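Colleague: Give me a 3D structure for the following:
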Amino acid sequence: MAKKTFETSLARLEQITEELEDGELSLENSLKKFDEGIKLAVFCTEQLSLARAKVELLLEKDGKIEPIPFNEQDIGHQDLSE
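Modeller: Below you'll find the model as predicted:
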């Protein structure tokens with residue numbers, strides 16, 4: 001079995017979402033897919049939390065973590081070199 005990664009889990013979650021949206025699964029199969037999707041969503045959330053913690057460590061300055069708020073409108077406009 002291949003190692004579960006964020007990318008493979010997210011791809012599988014997207015596939016499950018499409019299958020559920022099609023509405024062609026039986027109730028039993030829909031519930032199984034939904035359960036699998038919940039587990040994948042939890043895994044992806046945990047992976048994102050770990051990644052965020054690593055980024056905050058990289059942004060550590062003078063022994064203090066100084067997180068920089070993320071704003072999609074400001075992408076490419078913040079100077080992170082301070």
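Colleague: Give me the below-cutoff pLDDT ranges for the chain.
Modeller: Residues of the chain that meet the criterion pLDDT under 70 lie in 1-2, 61-63, 65-82.
Colleague: how about the nearest residue to residue 16, chain neighbours excluded?
Modeller: residue 37 (4.5 Å; CB to CB, 6 or more residues apart in numbering). (Glycine included, C-beta is placed from N, CA and C.)
Colleague: Could you check the strand or helix carrying the one you found and say which residues are buried?
Modeller: Assigned by DSSP states H and E, residue 37 belongs to helix 27-58. Residues 33, 37, 40, 43-44, 47 are the ones in helix 27-58 that count as buried (16 or more other CB atoms under 10 Å).
Colleague: most centrally placed residue in the protein?
Modeller: Nearest to the mean C-alpha position of the chain, counting by CA atoms, centre = their mean, stands residue 44 at 4.2 Å.
Colleague: quick one: contacts for that one?
Modeller: Counting by CB atoms under 8 Å, 6 or more residues apart in numbering, residue 44 touches 6, 9-10, 13.
Colleague: Narrow the residues you listed to just the buried residues.
Modeller: Among the contacts of residue 44, those scoring as buried are 9-10, 13 (criterion: 16+ other CB under 10 Å).
Colleague: So which of the residues you listed sit within strands?
Modeller: Using DSSP state E, no member of these sits in strands.
Colleague: Would you convert these into a markdown table that also reports distance to residue 56?
Modeller: Output for these, formatted as a markdown table (distance: CB to CB, whole Å):
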| residue | distance to residue 56 |
| --- | --- |
| 9 | 23 |
| 10 | 22 |
| 13 | 25 |
